[in-house]
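1. coordinates only, no sequence provided:
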């Protein structure tokens, strides 16, 4: 009985430590006074944080990844939200087949998806670069958006829109004043997930990028000669920003919950 009481917390704690070790390593070595490589600790310094663009091409590749991620996220979120609304609100033939096609990019290995997209681009005669990456990222990000927003749409009460119609609201006004505010948390969650998947992707990007370099490609290429400490700085900063976004979201949600309880 005592063993069962302690087993789950101990295993959970060890798994949590296992997940955090790489993040702690990246953060600690972002302060390393590195030479040609950043594999051995040589001393503490603030220079890497003071000049995160000190390594060649590191900030350029970061800007490329941010640009690709933002554009792909906007396109995938807009298209995915519309498709999710259509799948939930309307009945049509081959609906089950549509569900399978939506899940297919999620279940397909990235190597297969990347190679398939590369073959399509080459057959069309398109030059590999920025736009081929955006299209490739939009393809797999859109599935994540559809699944996330669809779950939110399914949970909405249709009587709310019916009540808005009873109050002489047009379908467009009812959507923007009633439906969209209720969908917004799901849309934001889908957009954040989409951006994270796009920014982090390497395999599909490597197939379809040509000479265009993103931050994951920069890390992969740099690994052969030693990843610069500035890459650790950028990685640590991205983790801190993501953590702050989560904390702020939780605080806002907690305050709204308290306000509703007072009402």
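-> Here it is on my side, so go on. Note that the structure is a prediction, hence the values are computed from the model and not measured.
2. pick out the residue closest to the middle of the protein.
-> By CA atoms, centre = their mean, the chain has its centre lying nearest to residue 196, at 1.9 Å.
3. spit out the contact partners of that residue.
-> Contacts were defined as CB atoms under 8 Å, 6 or more residues apart in numbering; by that measure residue 196 touches residue 242. The C-beta positions use only the backbone N, C-alpha and C, and glycine is treated the same way.
4. quick one: it is in a helix?
-> Yes. Assessed by DSSP: H, G, I helix; E, B strand; the rest coil, residue 196 belongs to a helix.
5. what about residue 40, which SS state?
-> In terms of secondary structure, residue 40 is coil; the call rests on three-state DSSP.
6. quick check: phi and psi at it.
-> Geometry field for residue 40 lists phi and psi as phi -120, psi 140, criterion degrees, to the nearest 10.
7. use 59 as the first number from now on
-> That works, and once the first residue is 59, the last one we named lands at residue 98.
8. what's the distance between it and residue 208?
-> 49 Å (CB to CB, to the nearest Å).
9. what does residue 300 give?
-> Look at residue 300 and residue 208: by CB to CB, they are 24 Å apart.
10. neighbour count: those two, which is higher?
-> residue 208 (22 against 12; other CB atoms under 10 Å).
11. so for the more buried one, what's the pLDDT?
-> The predicted local confidence for residue 208 comes out at a pLDDT of 90.
12. not counting sequence-adjacent ones, nearest residue to it?
-> Closest residue in space to residue 208, ignoring its immediate chain neighbours: residue 142 at 4.1 Å, by CB to CB, 6 or more residues apart in numbering.
13. which helices and strands does the strand or helix carrying that neighbour pack with?
-> Using DSSP states H and E, the element containing residue 142 is helix 116-147. Applying 3 or more CB pairs under 8 Å, 6 or more residues apart in numbering; DSSP states H and E, one finds that helix 116-147 contacts helix 153-165, helix 188-212, helix 238-258, helix 273-280, helix 287-320.
14. which strands or helices does the longest one pack on?
-> Helix 287-320 sits against helix 60-87, helix 105-108, helix 116-147, helix 273-280, with contacts defined as 3+ CB pairs under 8 Å, 6+ apart.
15. can we see that at 6 Å?
-> Helix 287-320 makes packing contacts with helix 60-87, helix 105-108, helix 116-147 when contacts are defined by 3 or more CB pairs under 6 Å, 6 or more residues apart in numbering; DSSP states H and E.
16. I'd like these as CSV, with distance to residue 312, mean neighbour count and mean pLDDT appended.
-> What follows is the helices and strands packed on helix 287-320, written out as CSV (distance: least, CB to CB, whole Å; neighbours: other CB atoms under 10 Å; pLDDT from 0 to 100):
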stretch, distance to residue 312, mean neighbour count, mean pLDDT
helix 60-87, 23, 11, 84
helix 105-108, 32, 16, 86
helix 116-147, 26, 19, 92
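17. make a markdown table from the ones you listed and add distance to residue 218 to it.
-> As requested, those are exported to a markdown table (distance: least, CB to CB, whole Å):
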| stretch | distance to residue 218 |
| --- | --- |
| helix 60-87 | 40 |
| helix 105-108 | 49 |
| helix 116-147 | 13 |
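18. and the angle for the lowest-mean-pLDDT helix or strand in the chain with helix 238-258?
-> Every helix and strand in the chain was compared by mean pLDDT, DSSP states H and E; the lowest is helix 216-224, with a mean of 79. Compare the direction of helix 216-224 with that of helix 238-258 by axes from the mean of the first three to the mean of the last three CA atoms, to 10 degrees and you get 130 degrees.
19. now helix 216-224 against helix 116-147, angle please.
-> What separates the directions of helix 216-224 and helix 116-147 is an angle of 80 degrees, with the same axes, to 10 degrees.
20. now helix 216-224, how far from the centre of its chain.
-> Using CA atoms, centre = their mean, to the nearest Å, the mean C-alpha position of helix 216-224 is found 34 Å from that of the whole chain.
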